[in-house]
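**Q** based on what follows, work out the 3D shape:
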Amino acid sequence: MPETIPFSAPHVRMGSSSGQPLSRRDGVLKVTGAATFAADNHPENLLHAVVAVSTIARGRVASLDVAAAKAHPGVVEVITPANCPPLALDPEDKHSLFDYRFDALQNDRVRYAKQPIALVVAGTLEAAAEGARLLAPTYEAETAHVGFDDGEPYDPPAVGIGSPPNFDKGDIAAGHAAAAHRIDTDFETPPQYHNAMEPHAIVAEWNGDRLTIDTPNQAIVMSRAAFAGYFGIPAENVLLRSPFLGGGFGSKAIMNGHYILAILAARMLGRPVKLALPRDQMFGPVGHRGATRQQLRLGMDAQGRLAALEHRTVAMTSSFDDFIEPASNASLNLYASPAISTRHSAVRVDIGTPGPMRAPGEATGSAALECAIDEAALACGLDPLEFRLRNYAETDPASGKPFSAKSLRECYARGAEKFGWAGRPIEPRRMRDKGGNLVGWGVGTALFHAPMFQAEARATLRADGTALVETAGADMGQGAWTALAQIAADGLGLSIDQIEFRSGNSELPDGGVAGGSGHTATAGTALHNAGTDVIAKLAELAVNAPDSPLFGAGNAGVEARGGRLHHRADETRSESFADILARAGLKTLEGMGAGGRDPADAEARAMFSHGAVFAEVKVDADLGQVKVTRLVGAFAAGRIINPKLAKSQLYGGMIWGLSFALHEEAVHDRRSGRPMNADLASYHIPVHADIPDMQALLIDEDDPYVNALGIKGVGEIGITGTVGAIANAIWHATGVRARRFPIRIEDIVC
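**A** Predicted coordinates for the structure are as follows:
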């Protein structure tokens, strides 16, 4: 059965669940151990699988000691390219925009370190792990290429998920020629790897030609169809369950080879198989944020207004696929300029394919852009915030379209006031604390798209006046199960404690993709519409029943509130949902709803969330040690369904921005191509001691065009201003501009 979360919110005003700072009900289940994650499933007769991975980055597997592995007690099977069954679809092909080309033991070629080269299946996890060790692979190794300077140049036909690689508006050359001030600057961002608290895992079980999968997944119904395609069965024969995810951030929305191998093993052996990747195998086969080299050239007139903005990116991608980090696109929609040019090129190297990672493109691109904007402000002799205000875009710079809503000025003003920005000296190295540490203040502008996908939902009123609402959405820890139920409750005119919410199961209506900061808007709209659909049917029953107090009111003459239908013109006339259903002899009444954007609105307007982040850092003047001491972010993201959950997501984004600025970097051995820090001991991320005093301010914003509910996303916008704000604060403290991320001590001590 789909997972069910009971909701209880006695202090919420009936019919007004949205806007209330409710706590996440799934949090209680998680901390008490009642939440079932994928790897917590243990079907009867379960086998355990371990992936053997390559220790070279380029070449071929010359031999595997399969006999030794099979001889180990408990090992049931070893799957290699020699005995791996073919798939119905070729994993070397891309079958949709959301597909990787992946490795499922289709041949003996090695294209990156930690690529799957065999699968060992055993009765216990320990036996499978020992069997994988006993394979003792030998290789015919070739020289690996893992750096920008030794890769193969590549001009991609698209970047990100199908975006054009280049853009031009206006005359860039003329803009630069006429500029009174110019800057030419470059930055590097490193590869960053998905390290969600829950690694990838799958439990697969066949029953004839029907497949049941337990796996963390961000796009449940879409992925069900993909699994079905690779195994040549109808989509309705696949049941995908994903009630709880311990983080996804883009890596759990796209098919990877280890999923396929576990399912193949289960079909070959006629028993359920569990595969859970260890932490080190998260570095390679499951996507990551690709490294970039970026160059920005800005020209400004004598008043400090942009005359030309040029942003070029070289992105690192794999030798066999073509996800390109769309970093230059960060310059398309933020600052007003009569001439804008963006370019993307790539270098193919021997790594696993990059993919979407929280704020893809915008995180890397805005890090460089916001630093360049600060350099431009300095060249013009302006305060960085004043420079941003002078180049404020009233319409979308790339398309010329009006914004659906834009409250960025309010973000700047509220954030600056809360932070205490007034009086900041323009020159660096002018502030110190009582201990003699250099103090710096920086600002960064935050921007992220406000997309919508397609989704469906079902709402069922029950005889007792409560409701069941269902959609196959995904909660990665952001609180979707709470926020979506709040939306559903409003659509039904019920309090949230009268709602039973079901999600995370492919048998339910398609909840769309949980990613791109679009899930609440998409699935929420579908749930709200399902509620209004069933209420319309209920109203039709009431207004056409002669013995109802609402008889003759017409559908438009009633409203749902507090579990009752009320006559709009006469409050004395109302009737409970339960009484209406009882009179009609119905035990249930069902409504359906869809979520998606009006194509006319999407074509006519530019839709984004906006924000501003202010950072304070303290730097030891002698040792160069950096401590971020304050972060203040102000964000405008349309209608906020749950302020507590929204702030939690914004804090998470800001922490990730701090991690980007100062900590995260995957390092590959240039000789072997292997990742050198494939664990959480040496792949640095912030700990509690690294996190400063943080504030996230929610700016009221009414967006009547983004969707009927006015909802935008907040999952990614917190990163996009924070990286630049911290880097700019470090410059303001030290007078040294770091050109690479993460910023190291050696970058600022001179």
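**Q** tell me the phi and psi of residue 608?
**A** Dihedral pair for residue 608: phi -150, psi 160, per degrees, to the nearest 10.
**Q** that one touches residue 402, doesn't it?
**A** No: applying CB atoms under 8 Å as the test, residue 608 and residue 402 come out as separate, 11.9 Å apart. For the C-beta atoms, the positions are set from N, CA and C on the backbone; glycine is no exception.
**Q** of the two, who's got more company?
**A** For residue 608 versus residue 402, neighbours defined as other CB atoms under 10 Å are more numerous around residue 608 (26 against 14).
**Q** is the more buried one bridged to anything, and to what?
**A** Residue 608 has these beta-bridge partners by DSSP bridges: residue 449.
**Q** identify the residues contacting it.
**A** Counting by CB atoms under 8 Å, 6 or more residues apart in numbering, residue 608 makes contact with 333, 403, 406, 447-450, 712.
**Q** quick one: residue 337 and residue 384, what's the gap?
**A** Look at residue 337 and residue 384: by CB to CB, to the nearest Å, they are 17 Å apart.
**Q** with neighbour numbers in mind, choose between those two.
**A** Legend: neighbour count by other CB under 10 Å for residue 337 and residue 384, higher for residue 384 (27 against 24).
**Q** residue contacts, that one?
**A** 373-374, 377-378, 442-443, 728.
**Q** out of these, which are inside strands?
**A** 442-443 (DSSP state E).
**Q** re earlier: and of the contacts of residue 608, the nearest to residue 310?
**A** Of all these, residue 310 sits closest to residue 333, with 15.5 Å by CB to CB.
**Q** tell me which element that closest one is part of?
**A** Using DSSP states H and E, residue 333 maps to neither a helix nor a strand.
**Q** from what I can see it touches residue 447, true?
**A** Yes: the pair residue 333 and residue 447 passes the contact test of CB under 8 Å, sitting 6.3 Å apart.
**Q** correct me if wrong: residue 429 contacts residue 731.
**A** No: using CB under 8 Å as the test, residue 429 is too far from residue 731 to be in contact (9.9 Å).
**Q** who has more neighbours out of those two?
**A** Per other CB under 10 Å, whichever of residue 429 and residue 731 has more neighbours is residue 731, with 24 against 17.
**Q** and the helix or strand hosting that one, what other elements does it pack with?
**A** Per DSSP H and E, residue 731 falls inside helix 717-734. Other elements packing on helix 717-734 under the criterion 3 or more CB pairs under 8 Å, 6 or more residues apart in numbering; DSSP states H and E are helix 362-379, strand 438-449, strand 608-619, strand 626-636, helix 643-662.
**Q** related to what we said a few turns ago, of the contacts of residue 608, closest to residue 193?
**A** If you rank the contacts of residue 608 by distance to residue 193 using CB to CB, residue 448 comes first, at 21.4 Å.
**Q** contacts only, for that closest one.
**A** By CB under 8 Å, 6+ apart, residue 448 lies in contact with 359, 362, 517, 608-609, 713, 716-717, 720.
**Q** for ChimeraX, write a command that selects the buried ones of these.
**A** Only the buried entries of those go into this ChimeraX selection, using 16 or more other CB atoms under 10 Å:
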select :359,362,517,608,609,713,716,717,720
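**Q** show the backbone phi and psi for residue 394.
**A** Per-residue torsions, residue 394: phi -80, psi -30 (degrees, to the nearest 10).
**Q** no wait, residue 18
**A** phi -60, psi 140.
**Q** distance check, it against residue 370.
**A** With distances taken as CB to CB, residue 18 is found 33 Å from residue 370.
**Q** can you check residue 239 too?
**A** Going from residue 239 to residue 370 by CB to CB gives 45 Å.
**Q** now the longest helix belonging to the chain: buried residues?
**A** The residue-count maximum for a helix in the chain (DSSP state H) belongs to helix 519-543. Buried residues in helix 519-543, counted by 16+ other CB under 10 Å: 519-535, 538-539, 541-543.
**Q** per-domain residue ranges of the chain.
**A** Residue ranges for the domains of the chain, per automatic domain parsing: 3-35+453-596, 39-142+199-245+252-282, 288-451+603-748.
**Q** of all the ones you listed, which one comes closest to residue 151?
**A** Among those, domain 288-451+603-748 comes nearest to residue 151, with 3.6 Å by CB to CB.
**Q** how far does that closest one stretch from one end to the other?
**A** Start-to-end span of domain 288-451+603-748 (CA to CA, to the nearest Å) is 28 Å.
**Q** flag every buried residue along stretch 694-714.
**A** Buried, per 16+ other CB under 10 Å, within stretch 694-714: 694-699, 701, 703, 705-714.
**Q** then stretch 181-191?
**A** For stretch 181-191, the neighbour count (16+ other CB under 10 Å) marks 181-183, 185, 187-191 as buried.
**Q** point out where the stretch 1-150 of the chain drops to low pLDDT.
**A** Scanning the stretch 1-150 of the chain for pLDDT under 70 picks out 1-15, 97.
**Q** SS state for the nearest residue to residue 85 once chain neighbours are set aside?
**A** If the residues on either side of it in the chain are set aside, residue 85 comes closest to residue 264, at 6.0 Å by CB to CB, 6 or more residues apart in numbering. Per DSSP: H, G, I helix; E, B strand; the rest coil, the secondary structure class of residue 264 is helix.
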